[in-house]
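Colleague: Can you look at this prediction? I've put the sequence above it.
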Amino acid sequence: MAEFSAKDVAELRKQTGCGMMDCKNALKDANGNFEEAVKILREKGMAATAKKATRIAAEGLVDIMTIDNTTAIVEVNSETDFVAKNAIFQEFVKDVLKTIIANKPADVEALLASTFVGGGTVADALAEKTYTIGEKLSIRRFAVVEGVVSTYIHGLGATGVIVSFDTDLADKPEFAECAKNVALQTAAMPVLYLDAASVPAEVLAEEKAILIKQMQQDPKMANKPQAVLEKIVEGKIGKYYETNCLLHQLYVKDDSMTVAKYVESVAKSLGGSIKVTGYVRYDKGEGLEKREEDFAAEIEKMVKG
């Protein structure tokens, strides 16, 4: 019979985060060999990941971390929103962010192959947490931004924003307030592009074609020459920019100016330069299929054991 103590079980549980009985059984199967027991639990974690692969994971959280001059944002998904409140899950997400900043992987596949801060690969750690927490977990996406930024996380990781700046006023508290306001706007008023120059030509052409088609179907506009319609469209495109481009949006705290004009006014008052160079905005579960909850069926299942 394998020889191991309660202390061994406790230490294995501490290192892996797995349940006490799982740790005890792993040590038993490993004939008391601690490293082999860890391997067994990891293998079970991978098996758990495989069994859960077809489940829907659209909850979880978005988190952000800055170390030195590098900022990373990541979305890690789970099956239920309860997991987002789980301290083990939250710590795992923080460690994923540390790994991203340390390795700067090219994509999620490269991230999964990277060395995790706790040892092994990120894929190994993901499998272990899937087994420990008991839900399908997935690292959906991440981004890395270098330089001066402002960040904001709304709610318990429901939305995360990084806005990047080029400025000679980074040490000014007034700049910090301005940058925070732009980040808040980015979280509150979602957009598709930074500014008019960022809108792809094909997107703009399609939008103009739609506007012209709408006017051609309007009896009051139908007989107007094409050149006149196109001139009217040019005026309407400004509204498209206001709706879809961050810097052309009306500033939420003072709608007498755009975000660009607000930033410009702060820079002018400080005697320097502030330029918004980009942004990243993640909404948790954005575009993912949501799990349909049937609480009545769930309760019936629980009652019937």
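Modeller: Noted; the coordinates are in hand.

Colleague: Return the set of buried residues in stretch 25-40.
Modeller: For stretch 25-40, a neighbour-count test (16 or more other Cβ atoms under 10 Å) marks 25, 26, 27, 30, 37, 38, 40 as buried. In short, each C-beta sits where N, CA and C put it, glycine included.

Colleague: That one: how far from the chain's middle?
Modeller: 36 Å (Cα atoms, centre = their mean, to the nearest Å).

Colleague: do the same with stretch 194-204
Modeller: 23 Å.

Colleague: What ranges does the stretch 101-250 of the chain have for its helices?
Modeller: Along the stretch 101-250 of the chain, counting by DSSP state H, counting those that start in this stretch, helices occupy 108-113, 122-133, 173-188, 201-216, 226-244.

Colleague: so what does the first one touch, helix or strand wise?
Modeller: Based on contacts counted as 3 or more Cβ pairs under 8 Å, 6 or more residues apart in numbering; DSSP states H and E, the elements that helix 108-113 packs against are helix 87-103, helix 122-133, strand 138-146.

Colleague: picking that back up, ok, the buried residues of stretch 25-40 vs residue 88, which is closest?
Modeller: Residue 88 has its nearest neighbour among the buried residues of stretch 25-40 in residue 38, at 16.8 Å by Cβ to Cβ.

Colleague: Which positions in the helix or strand where residue 267 lies come out as buried?
Modeller: Using DSSP states H and E, residue 267 sits within helix 259-270. Within helix 259-270, the residues scored as buried using 16+ other Cβ under 10 Å are 259, 260, 262, 263, 264, 266, 267, 270.

Colleague: what comes up buried for stretch 224-242?
Modeller: 229, 233, 240, 241.

Colleague: and the residues you listed as TSV, adding distance to residue 44 and pLDDT?
Modeller: Converted to TSV, the buried residues of stretch 224-242 look like this (distance: Cβ to Cβ, whole Å; pLDDT from 0 to 100):
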residue	distance to residue 44	pLDDT
229	66	74
233	61	81
240	53	90
241	54	93
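
Colleague: Can I get these in a markdown table including distance to residue 68?
Modeller: Shown next, in a markdown table, are the buried residues of stretch 224-242 (distance: Cβ to Cβ, whole Å):
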| residue | distance to residue 68 |
| --- | --- |
| 229 | 54 |
| 233 | 47 |
| 240 | 39 |
| 241 | 36 |
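
Colleague: ok so, going back, of the helices of the stretch 101-250 of the chain, flag the one that's most buried.
Modeller: Counting by mean count of other Cβ atoms under 10 Å, helix 122-133 has the highest mean neighbour count of the helices of the stretch 101-250 of the chain, with a mean of 23.

Colleague: quick check: mean pLDDT across that helix?
Modeller: Confidence over helix 122-133, taken as the mean pLDDT, stands at 88.

Colleague: so what secondary structure elements neighbour it?
Modeller: On a contact count with 3+ Cβ pairs under 8 Å, 6+ apart, helix 122-133 meets helix 34-51, helix 87-103, helix 108-113, strand 138-146.

Colleague: Format these as TSV; extra columns: mean pLDDT.
Modeller: Formatted as TSV, the helices and strands packed on helix 122-133 follow (pLDDT from 0 to 100):
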stretch	mean pLDDT
helix 34-51	72
helix 87-103	96
helix 108-113	95
strand 138-146	96
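
Colleague: Same list, the ones you listed, but as CSV with distance to residue 180 please.
Modeller: CSV is the format used below for the helices and strands packed on helix 122-133 (distance: least, Cβ to Cβ, whole Å):
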stretch, distance to residue 180
helix 34-51, 39
helix 87-103, 20
helix 108-113, 29
strand 138-146, 16
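
Colleague: of those, which approaches residue 68 most closely?
Modeller: When the helices and strands packed on helix 122-133 are compared by Cβ to Cβ, helix 87-103 sits nearest residue 68, at 8.4 Å.

Colleague: Can you list the buried residues in that closest one?
Modeller: Residues 89, 90, 92, 93, 95, 96, 97, 98, 99, 100, 101, 103 are the ones in helix 87-103 that count as buried (16+ other Cβ under 10 Å).

Colleague: Give me the distance between the fifth one and residue 286.
Modeller: When you say that, I think you mean residue 95. Relative to residue 286, residue 95 is positioned 23 Å away (Cβ to Cβ, to the nearest Å).
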